[in-house]
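K.L.:
Got a predicted model here, sequence first, then my questions.
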Amino acid sequence: MSATGRDDLHPSMQQVYDRASVDQQTRYLELMRHDPVAGMAYLEALAVEQQEAEGRL
């Protein structure tokens with residue numbers, strides 16, 4: 001996988017990526033291809049959403 005892919009993420013962010021829907025994973029990869037800062041911000045927002053859904057925030 002490219003430098004923008006899952007394997008290059010920190011393990012905690014790999015978990016976020018793995019829990020994301022296919023559409024969310026695709027959106028992340030598209031953002032990383034064009035704007036890595038926006039891609040990481042998107043993944044961090046997904047992490048917050050997932051934590052809220054699990055009642056951890």
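P.N.:
In hand now; what should we look at?

K.L.:
going forward, measure contacts between C-alpha atoms and count neighbours the same way
P.N.:
Will do.

K.L.:
packing partners for the helix ranked longest in the chain?
P.N.:
The residue-count maximum for a helix in the chain (DSSP state H) belongs to helix 36-53. Contacts defined by 3 or more C-alpha pairs under 8 Å, 6 or more residues apart in numbering; DSSP states H and E place helix 36-53 against helix 11-19, helix 22-34.

K.L.:
would a markdown table of the ones you listed with mean pLDDT, distance to Gln50 and mean neighbour count be doable?
P.N.:
Listed next are the helices and strands packed on helix 36-53 as a markdown table, based on pLDDT from 0 to 100; distance: least, C-alpha to C-alpha, whole Å; neighbours: other C-alpha atoms under 10 Å:
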| stretch | mean pLDDT | distance to Gln50 | mean neighbour count |
| --- | --- | --- | --- |
| helix 11-19 | 95 | 8 | 15 |
| helix 22-34 | 96 | 12 | 16 |
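
K.L.:
ok, back up a step: list the buried residues of the longest helix of the chain.
P.N.:
Gly39, Met40, Tyr42, Leu43, Leu46, Ala47, Gln50 (16 or more other C-alpha atoms under 10 Å).

K.L.:
Can you name the two of these that sit furthest apart?
P.N.:
Across the buried residues of helix 36-53, no pair lies farther apart than Gly39 and Gln50, at 16.6 Å, counting by C-alpha to C-alpha.

K.L.:
how close does Ile43 get to Gly55?
P.N.:
Slight slip there: residue 43 is Leu, not Ile. Computed as C-alpha to C-alpha, to the nearest Å, the Leu43 to Gly55 distance reads 18 Å.

K.L.:
List of residues touching stretch 18-27?
P.N.:
Tyr17, Leu46 (C-alpha atoms under 8 Å, 6 or more residues apart in numbering).
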